[in-house]
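K.L.:
Structure for this input, please:
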Amino acid sequence: MTSAKPAIGLLGALLLAGCLHGGEEEPAARAEAPPSGQVTVADDGGEGGQVYVAGDRLYGWGPQAEKLGGAINTNLIGTLSPAAVASGRWPYLLVYNSWRARRPVLRLRGLETGRDRVVEEGALSVAWREGGRLAYFKALRPDLRVPKTYVGHVVVRRALQAPAVRWTSKPGRYVVAAWAGRRLLAYRLGPTWPDLLALDGRRRERVLAKAGALVAVSPDGRRAFVSTYGSSPPVVRVLDVESGEELARRTITRLRWLTESGSWSGDAVAATANAGLAVFRVGARSIALEQVLGFTASGVSLGPFEPRLDATGRRIVAWAELEPRPRQAIAQAVLVECDRVALRCFRGAVASATAPPRPVYNPSRP
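P.N.:
Below you'll find the model as predicted:
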């Protein structure tokens, strides 16, 4: 898993894995439901070739780690939004969250050229739609003094070189999550749980899910799988993004909580849960919990987070924080690659938990 592949050979694997998707994924293969249970975790033996960022390095794109123009910094967004998002077509580009002086910045890197520059200062979180539309949060004042008063707007560029246009009507604390077709999904932060908004255009926002955690957008961009923050056992729903209609709802009594930033491949949805990873089957009007992968005896203390299903719906890549060792000053985090049918995972890419290995992926659909 720790080996890297050349960029040209890796691109096809990335497209299949949904990291750099260039359109709708092929449906996941139908098979008997795999069993739930505790996974075994080995130190290596995975397929490798994962593209991820950690600290000030980009891994897996070329034969060696590449130094970025700035260190990854996601302190203000956590896992509500990817640390880094890549375009799915030539010229291959990476937009990532970083920091300069007292202000968050979004940086752009050419994956083939290695050129690295600041896209916007006082900006954080990014969603990149197929066709080039770029959305992100831009603060009214770039310098960060008090996070709770760091307010601004969600802005959209039709292309990288186009001017940024405000899409929110009032300044606030927002985190951009993903495009769902022509509509943009973003969190509005407040004193309690964030609300999930759907933005239909300039100054046309509405609440799609109050206290809503966006787990994933369907491959066609029409539906959103959401969990309700603070609900235990968790309540999960599938919503029609255009109308806001609730298409399916289920209370998952086997779990205590479920959180954001999973993935959707075919009719399978993977999400981070208290027990480890949960996989659902989604129908036109139904949700079924298919499998729970436990990590109790794996050395994992938190996570795995941001699980990415591949196109077959069998493999999952995620990252997790490890249990601290005796006298260990700083916790470590690791990338894990799991075969959910075999209940077997592989560890690799260990890094400091203060700068964990975050997969490069694009949750926007299509």
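
K.L.:
Quick check: residue 107 touching residue 121?
P.N.:
No - contact criterion Cβ atoms under 8 Å: residue 107 and residue 121 do not qualify, at 10.2 Å. Yep, even glycine has a C-beta here, placed from its N, CA and C like the rest.

K.L.:
where does residue 264 land in three-state SS?
P.N.:
strand (DSSP: H, G, I helix; E, B strand; the rest coil).

K.L.:
you'd agree it is up against residue 216?
P.N.:
Yes - with contact defined as Cβ under 8 Å, residue 264 counts as touching residue 216 (3.8 Å).

K.L.:
what residues are shared contacts of the two?
P.N.:
residue 225 (Cβ atoms under 8 Å, 6 or more residues apart in numbering).

K.L.:
which residues does residue 96 bridge with?
P.N.:
residue 84, residue 107 (DSSP bridges).

K.L.:
how near is the nearest residue in space to residue 335 that is not next to it in sequence to residue 65?
P.N.:
Counting by Cβ to Cβ, 6 or more residues apart in numbering, residue 335 lies nearest to residue 349, which is 3.9 Å off, once chain neighbours are set aside. Residue 349 sits at a distance of 10 Å from residue 65 (criterion: Cβ to Cβ, to the nearest Å).

K.L.:
Which of the two has more residues huddled nearby?
P.N.:
residue 349 (21 against 16; other Cβ atoms under 10 Å).

K.L.:
Okay, the more buried one and residue 162: tell me how far apart.
P.N.:
As for residue 349, its distance to residue 162 is 36 Å (criterion: Cβ to Cβ).

K.L.:
again, but for residue 239
P.N.:
Residue 239 is 30 Å from residue 162, by Cβ to Cβ.

K.L.:
related to what we said a few turns ago, find residues that contact each of residue 349 and residue 65.
P.N.:
Here residue 349 and residue 65 share the contacting residues residue 59, scored by Cβ under 8 Å, 6+ apart.

K.L.:
so who does residue 294 touch?
P.N.:
Residue 294 neighbours (Cβ under 8 Å, 6+ apart): 36, 37, 38, 39, 275, 276.

K.L.:
Hmm, the fourth one is touching residue 295, no?
P.N.:
Meaning residue 39. Yes - counting by Cβ under 8 Å, residue 39 touches residue 295, with 6.2 Å between them.

K.L.:
Model confidence score at residue 163, please.
P.N.:
Per-residue pLDDT puts residue 163 at 97.

K.L.:
Repeat that for residue 48.
P.N.:
Note for residue 48: predicted pLDDT of 69.

K.L.:
ditto for residue 90
P.N.:
pLDDT for residue 90: 77.

K.L.:
From residue 112, how far off is it?
P.N.:
As defined by Cβ to Cβ, residue 90 lies at a distance of 8 Å from residue 112.

K.L.:
more neighbours, these two?
P.N.:
A count of neighbours by other Cβ under 10 Å puts residue 112 above the other of residue 90 and residue 112, at 14 against 10.

K.L.:
wouldn't that one be in contact with residue 91 here?
P.N.:
Yes - contact criterion Cβ under 8 Å: residue 112 and residue 91 qualify, at 6.4 Å.

K.L.:
Identify all contacting residues around stretch 91-101.
P.N.:
With contact meaning Cβ under 8 Å, 6+ apart, stretch 91-101 is reached by 11, 20, 53, 58, 68-74, 77, 81, 83-87, 104-113, 118-119, 121, 124-126, 128, 134, 143, 160, 360.

K.L.:
still on that earlier bit, give the buried subset of the contacts of residue 294 as a PyMOL selection command.
P.N.:
Here is the PyMOL selection string for the buried members of the contacts of residue 294, based on 16 or more other Cβ atoms under 10 Å:
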select buried, resi 36+39+275+276
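
K.L.:
Let me know the closest of the contacts of residue 294 to residue 344.
P.N.:
For these, the closest approach to residue 344 (Cβ to Cβ) belongs to residue 39, at 6.4 Å.

K.L.:
on that earlier part again, need the residues touching each of residue 39 and residue 295.
P.N.:
Joint contacts of residue 39 and residue 295 (Cβ under 8 Å, 6+ apart) are residue 276.
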